[in-house]
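J.: Provided below for reference: sequence and predicted model.
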Amino acid sequence: MSDRSVETLLHELVRDIPDWPEPGVTFRDITPLLADAEALQAVVDALTELGRSLAGGPIDRVLGIEARGFILAAPVALALGAGFVPVRKAGKLPGPTYAVSYALEYGEATLEMHRDALAPGDRALVIDDVLATGGTVAATARLVGECGATHVGTAVLLELEALHGRDRLAGMPVGALRRL
Ligand SMILES: O=P(O)(O)OC[C@H]1O[C@H](OP(=O)(O)OP(=O)(O)O)[C@H](O)[C@@H]1O
Ligand SMILES: Nc1ncnc2[nH]cnc12
């Protein structure tokens, strides 16, 4: 366990990259945080607890969103004793999928999930690194709904409040370890 709080770790170890991937965007780079063993353990523990409290009940599957979400969601799934489900960018999953297209802070994307990844009634927790415009989480919640499963919550490291993602996710249980 780190002596530094999760808030402090996120402050110290997430680095701002100005004008990347395009002018006007300040990219929040989590790679220094991932490279610090204590910090990585601390944020995985904190996301696990946040996810548990958002869900307020059983969690059958933890969904990780490609690519940075994968890194955090798999250890959270292990900690919760739940299975892991990858939500991938278009064209990467081999089986029949559901697909949803959405807009990002920088550009557009399509997310896919295997149709049989969740059974009707499954309770799914979503884990990602950054909540920005909310498009990614909204698309993922739609994929969960397509399976007849329940989105019990989304937990992220960072919420970029200026982009008002939470407005788009009204009514969904969403939590962030740090708000910027
Ligand atoms: O709230 P939004 O505006 O939808 O943005 C948040 C998403 O943007 C980033 O993913 P990106 O598509 O850049 O993928 P990456 O993890 O592969 O870098 C980030 O990891 C979130 O998934
Ligand atoms: N500014 C940002 N930094 C890192 N990831 C992001 N995803 C969307 N906007 C982002």
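T.: Good, I have the coordinates. Numbers count the residues shown, from 1 in each chain. Ligands and ions are numbered 1, 2, ... in the order given.
J.: if we look at the top helix by length along the chain, which residues are touching it?
T.: As assigned by DSSP state H, the longest helix anywhere in the chain is helix 37-55. If you take C-beta atoms under 8 Å, 6 or more residues apart in numbering as the criterion, helix 37-55 is touched by 1-2, 4, 6, 9-10, 13, 33-34, 59, 62, 72, 75-76, 79-80, 123, 125, 127, 152-155, 157, 173-175, 177. The C-beta positions use only the backbone N, C-alpha and C, and glycine is treated the same way.
J.: Show me those residues that map onto helices.
T.: Per DSSP H, those map to helices at 6, 9-10, 13, 33-34, 72, 75-76, 79-80.
J.: one step back: what's the ChimeraX line that selects buried ones from the contacts of helix 37-55?
T.: Here is the ChimeraX selection string for the buried members of the contacts of helix 37-55, based on 16 or more other C-beta atoms under 10 Å:
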select :2,4,6,9,10,13,33,34,59,62,72,75,76,79,80,123,125,127,152,153,154,155,157,173,174,175,177
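J.: how far is the longest helix of the chain from where the chain is centred?
T.: Put simply, helix 37-55 sits 12 Å off its chain's centre (C-alpha atoms, centre = their mean, to the nearest Å).
J.: Show me the beta-bridge partners of the residue nearest the centre of the chain.
T.: In the chain, the residue lying closest to the centroid (C-alpha atoms, centre = their mean) is Asp128, at 1.6 Å. The partner list for Asp128 in beta bridges (DSSP bridges) reads Val156.
J.: Point out the residues in the chain that sit beside ligand 2.
T.: 25-28, 104-105, 130, 132, 160 (C-beta under 6 Å from any ligand atom).
J.: Go back to the residues you listed and keep what's next to ligand 1.
T.: Among those, ligand 1 is touched by 104-105, 130, 132 when using C-beta under 6 Å from any ligand atom.
J.: Just the ones of the residues you listed in strands?
T.: Counting by DSSP state E, the part of these found in strands is 104, 130.
J.: okay if I get the ones next to ligand 1 among the residues of the chain next to ligand 2 as TSV plus pLDDT and neighbour count?
T.: Shown next, in TSV, are those (pLDDT from 0 to 100; neighbours: other C-beta atoms under 10 Å):
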residue	pLDDT	neighbour count
Leu104	80	12
Glu105	74	18
Val130	98	21
Ala132	95	22
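J.: how about a markdown table for the ones next to ligand 1 among the residues of the chain next to ligand 2, with distance to Arg168 added?
T.: Below are those laid out as a markdown table (distance: C-beta to C-beta, whole Å):
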| residue | distance to Arg168 |
| --- | --- |
| Leu104 | 12 |
| Glu105 | 12 |
| Val130 | 14 |
| Ala132 | 10 |
